[in-house]
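Student: Got a predicted model here, sequence first, then my questions.
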Amino acid sequence: MVVGGHVRSWMDNGTYIDLLWDNISRLLENFIARDIEVIIDYIIYPERLKQILEIADRYHFQVCYVVLIANEGELIVRDKQRPADAIMGERVLELLEEFNSRNIEERFILNTTGFTVSETVKYISSNKDRFKIYMNH
């Protein structure tokens, strides 16, 4: 799916990001309809989460919402470790600011400063209930 490539996602006028979310929604429905567990590894703001919750309600599946953050220093270090064409620079700190301004419920936020990827996965797996969104099915 194209969001980066020729147009950086944060420079998009909405065309590509809307297309991306249409595709994510349809893929999610296709996988869930076949009883395949789905993990969306992408930035999901609360307004996009609503799309996912609508699909969850239709198909009666459980949603866990985890917002991974780290402190500014860690974000800068991690960003510099990306491939050159994926480095976000100052945008990485702008995203942190955006998430901080969205008043996301604290239980969904996981500060991964100092965590390895495997430690993060282990923590999430061991604490799934913390991240569950309870729906009225």
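Tutor: Cool, the structure landed. Numbering: from 1, shown residues only.
Student: I'd guess residue 82 is in a strand, am I close?
Tutor: No - secondary structure of residue 82 (DSSP: H, G, I helix; E, B strand; the rest coil): coil, not part of a strand.
Student: Quick one: neighbours of it, just the number.
Tutor: Residue neighbour count, defined by other C-beta atoms under 10 Å, stands at 11 for residue 82. C-beta: built from backbone N, CA, C; applies to glycine.
Student: Which pLDDT value does the model give it?
Tutor: On pLDDT, residue 82 comes in at 92.
Student: What of residue 126?
Tutor: pLDDT, residue 126: 97.
Student: how distant is the longest helix anywhere in the chain from the center of its chain?
Tutor: Using DSSP state H, we find that the single longest helix of the chain is helix 15-33. Here helix 15-33 is found 14 Å from its chain centre; the criterion is C-alpha atoms, centre = their mean, to the nearest Å.
Student: Next, the buried residues of that helix.
Tutor: Buried residues in helix 15-33, counted by 16 or more other C-beta atoms under 10 Å: 16, 20-21, 24, 28, 32.
Student: Show me which of those is closest to residue 91.
Tutor: Nearest to residue 91 among those, counting by C-beta to C-beta, is residue 16 at 15.9 Å.
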